[in-house]
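**Q** Here you go, sequence then predicted model.
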Amino acid sequence: KIGEFHGLGAPIHASVSGTVKAVEHRPYSMGGNITSVVIENDMQDEVSEEVQAPADPNALSVEEMVEIVKNAGIVGMGGATFPTHVKITSGIGKVNTVIINGAECEPYITADHRLMLERGEAVLGGVGFIMKALGLKEATIGIEANKLDAVEHLKSLLPADSGIHIETLKTRYPQGAEKVLIETCTGREVPFPGLPSDVGVIVMNVTTVSTLGKYLRTGMPLVTKRLTVEGDAVAKPANVEAIIGTPLRHILDFCGTKAEPAKVITGGPMMGIAQGDLSVPVLKGTNAVLCLTKREAAPVVEEAAPAEEEPAPVEEETAPSVEEDVSPVVEEVKPMYEMSNLPRRSIAFIGSECHPFVKTGGLGDVMYALPRQLVKLNCDVRVILPRYACIPQKFQEKMEYRGEFYMDLGNTGRNYYVGIMEYVCDGVVYDFI
């Protein structure tokens, strides 16, 4: 152990054997600098005497179970890195359902998929440990339908009386968002901006429980992280198990590049963070390194079609017959804040990258809550787009700013800014929120 925590956190362990050369501020992938321990690797991979597996995990008390999770430095490894021992403690006596998140809905990323195929025993061992700590008889592992081989593999490993159920989920984004996953698996809706424990649920990432299962067998704390290295600029795309603290440039040297990356992202294309410094290290929550070419990183731009054939951005209702009056309709301009007075129309919600939204709990939360609120206001939500850049440039150029309003997404008294861009095509008005 080389780093202890104060407040909310988890210990940090040396991921290589060697000599501590410095304790200093270094850049990291979340932006800015952070206090870091710099170790000169002696390349001997000598394991510390502190690394010892629990003698009999089944004989541990609940308090001892929480303590070993804390000492192992295990955190949420789907990206949020919330300390696992804190999550377990907060759920004891309060939750009746545990869900293991194996959805992995972000494009490109397949690290959890490979882990479920290759470390299935560790996954199930970790789930059983969590069930025992929480005093639960059953657990659900949710896996998207594009990973049926993982579904079948885990089912083949399940003892008859394990109480663990494998649920196949529809492949869609953002299926892996915590609150979306809860509603899909249980039918329970987490009140915004509430917590899963408010509806009796605790959610853990499949890699998190696998790491716990590995620790129970080996005593090895969290010192490595599986991640996907992908993108058209990568010579040999792969899932690798990287030593935590490894600079990104070493990962790219290992997999090779066949073109100069126009953008390097840690995480997926929807929620990941673009990096400007390849000296930043792999962290406990790093699940991918994407190296995108200029073509991949550029906004989608469709070729211009003849004016009479240009499609509307959202599919229309059946066109009127020639007998009907198709003369232009001049619609009265209504204040943007009077959403309840707007006629029912197709609306596309853009999951903005704006920080105020991200701070509410993530893009998935906003994509989950805002369309529901708009439907209550008689607005028909037809399309959900993850980023403004997903809209072809020819449509962006014709959009006009029409104002903004403020909306209480969760009846909490806290209002969020919502802007409106208007696009008119073939006599139909589209509002992009």
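**A** Here it is on my side, so go on.
**Q** what ranges do the helices span in the stretch 201-350 of the chain?
**A** 206-218, 248-255, 294-297 (DSSP state H, counting those that start in this stretch).
**Q** Near the nearest residue to Val223 once chain neighbours are set aside, how many other residues are there?
**A** Spatial nearest neighbour of Val223, excluding adjacent residues (C-beta to C-beta, 6 or more residues apart in numbering): Ser15 at 4.0 Å. Just so you know, the C-beta spots here come from the backbone N, C-alpha and C atoms, and that holds for glycine as well. Using other C-beta atoms under 10 Å, the number of residues around Ser15 comes to 21.
**Q** ok, now the one 3 residues further on?
**A** Neighbourhood size, Gly18 [other C-beta under 10 Å]: 16.
**Q** same question, the one 4 residues further on
**A** A count of nearby residues for Ala22, using other C-beta under 10 Å, gives 11.
**Q** Surely it is within a strand?
**A** Yes: under DSSP: H, G, I helix; E, B strand; the rest coil, Ala22 falls within a strand.
**Q** Now it: closest residue in space, sequence neighbours ignored.
**A** Of all residues not flanking Ala22 in the chain, Val38 sits nearest, at 4.2 Å (C-beta to C-beta, 6+ apart).
**Q** element containing the one you found?
**A** Per DSSP states H and E, Val38 falls inside strand 33-41.
**Q** Can you give the contact residues for that strand?
**A** Identification of contacts with strand 33-41 by C-beta atoms under 8 Å, 6 or more residues apart in numbering yields 2-3, 12, 14-28, 245, 281.
**Q** For that strand, buried residues please.
**A** Within strand 33-41, the residues that qualify as buried are 36, 39, counting by 16 or more other C-beta atoms under 10 Å.
**Q** Kindly format the C-alpha coordinates of it as PDB.
**A** What follows is strand 33-41, C-alpha atoms only, in PDB (Å, rounded to 0.1, in the frame of the first residue of the first chain):
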ATOM      1  CA  ASN A  33      -2.900  17.600 -12.100                       C
ATOM      2  CA  ILE A  34      -3.100  15.200  -9.100                       C
ATOM      3  CA  THR A  35      -0.700  14.100  -6.400                       C
ATOM      4  CA  SER A  36       1.000  11.000  -7.700                       C
ATOM      5  CA  VAL A  37       3.500   8.400  -6.500                       C
ATOM      6  CA  VAL A  38       6.200   7.800  -9.100                       C
ATOM      7  CA  ILE A  39       7.800   4.400  -9.000                       C
ATOM      8  CA  GLU A  40      10.900   3.300 -10.800                       C
ATOM      9  CA  ASN A  41      10.100  -0.200 -12.000                       C
END
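**Q** List the neighbouring strands of that strand plus their orientation.
**A** Next to strand 33-41 in the sheet, as set by DSSP bridges, lie strand 18-27 (antiparallel).
**Q** Next, the buried residues of the partner strand.
**A** Residues of strand 18-27 classed as buried by neighbour count (16+ other C-beta under 10 Å): 18, 26-27.
**Q** before we move on, back to that, mean confidence (pLDDT) on the strand holding Val38, please.
**A** On average, the pLDDT along strand 33-41 is 93.
**Q** Beyond it, next helix or strand please.
**A** Once the chain leaves strand 33-41, the next helix or strand it forms, by DSSP H and E, is helix 62-71.
**Q** Excluding its own residues, what touches the helix or strand following that next one? List them.
**A** Using DSSP H and E, the helix or strand that directly follows helix 62-71 along the chain is helix 84-91. With contacts defined as C-beta under 8 Å, 6+ apart, helix 84-91 is touched by 8, 10, 65-67, 69-70, 74-76, 98, 130, 133-134, 197, 202, 204, 208, 212.
**Q** Filter the residues you listed down to the buried ones.
**A** For these, buried by 16+ other C-beta under 10 Å: 10, 65-66, 69-70, 74-76, 98, 130, 133-134, 202, 204, 208, 212.
**Q** Thr207: how many residues sit nearby?
**A** Using other C-beta under 10 Å, Thr207 has 29 other residues around it.
**Q** Any stretches of the stretch 251-400 of the chain with poor pLDDT?
**A** Under the criterion pLDDT under 70, the flagged ranges of the stretch 251-400 of the chain are 299-393.
**Q** Look up how far Leu195 lies from Leu169.
**A** Taking C-beta to C-beta, to the nearest Å as the measure, Leu169 and Leu195 are separated by 22 Å.
**Q** In terms of neighbours, single out the busier of the two.
**A** The residue with more neighbours, out of Leu169 and Leu195, is Leu169; 22 against 15, by other C-beta under 10 Å.
**Q** Next up, phi/psi of Gly219, please.
**A** Per-residue torsions, Gly219: phi 80, psi 0 (degrees, to the nearest 10).
**Q** so what's it up against?
**A** Neighbouring residues of Gly219 by C-beta under 8 Å, 6+ apart: 51-54.
**Q** Tell me how far it lies from Glu50.
**A** For Gly219, the distance to Glu50 - C-beta to C-beta - is 8 Å.
**Q** again, but for Met30
**A** From Met30 to Glu50 the distance is 28 Å (C-beta to C-beta).
**Q** related to what we said a few turns ago, may I see the contacts of Gly219 organised as JSON lines, with distance to Ala145, pLDDT and neighbour count added?
**A** Converted to JSON lines, these look like this (distance: C-beta to C-beta, whole Å; pLDDT from 0 to 100; neighbours: other C-beta atoms under 10 Å):
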{"residue": "Val51", "distance to Ala145": "39", "pLDDT": "92", "neighbour count": "13"}
{"residue": "Gln52", "distance to Ala145": "41", "pLDDT": "91", "neighbour count": "11"}
{"residue": "Ala53", "distance to Ala145": "36", "pLDDT": "92", "neighbour count": "14"}
{"residue": "Pro54", "distance to Ala145": "36", "pLDDT": "90", "neighbour count": "16"}
